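# sequence isn't available, so here's the structure alone:
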Ligand SMILES: [Zn+2]
């Protein structure tokens, strides 16, 4: 598991859609990776905002993709 794999599965991880083996792999990676650890915090907030907007049933695939690409591009997570 490297950072790319981790980020790729992050949403499923946060949405509890992964099997126990994958969850364990990601959790282990997050423990040893500050970058992905920060990303998880950011993503959790992001997902919470989406849920608060009442759009949790409509997968905002395009939005997710854009955020993932931005994160992968090394942009600093923003809480604003
Ligand atoms: Zn990582």
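That came through fine. Since this is a predicted model, take the numbers as computed values, not measurements.

# show me which positions of the helix or strand containing residue 51 end up buried.
Assessed by DSSP states H and E, residue 51 sits inside helix 34-52. For helix 34-52, burial by neighbour count (16 or more other CB atoms under 10 Å) applies to 36, 39-40, 42-43, 46-47, 50. C-beta coordinates here come from the backbone N, C-alpha and C atoms, glycine included.

# again with stretch 2-21
For stretch 2-21, the neighbour count (16+ other CB under 10 Å) marks 6-7, 9-11, 13-14, 18 as buried.

# what about residue 27, neighbour count?
By other CB atoms under 10 Å, the residues close to residue 27 number 11.

# give me the distance between the closest residue to residue 8 other than its chain neighbours and residue 40.
With CB to CB, 6 or more residues apart in numbering as the criterion, residue 8 has its nearest non-adjacent residue at 7.8 Å, and that residue is residue 68. The gap separating residue 68 from residue 40 is 13 Å, by CB to CB, to the nearest Å.

# which residues do these two both contact?
Residues touching both residue 68 and residue 40 (CB atoms under 8 Å, 6 or more residues apart in numbering) are residue 10.

# ok, back up a step: report the lowest-confidence entry in the buried residues of helix 34-52.
The lowest pLDDT within the buried residues of helix 34-52 belongs to residue 50, with 73.
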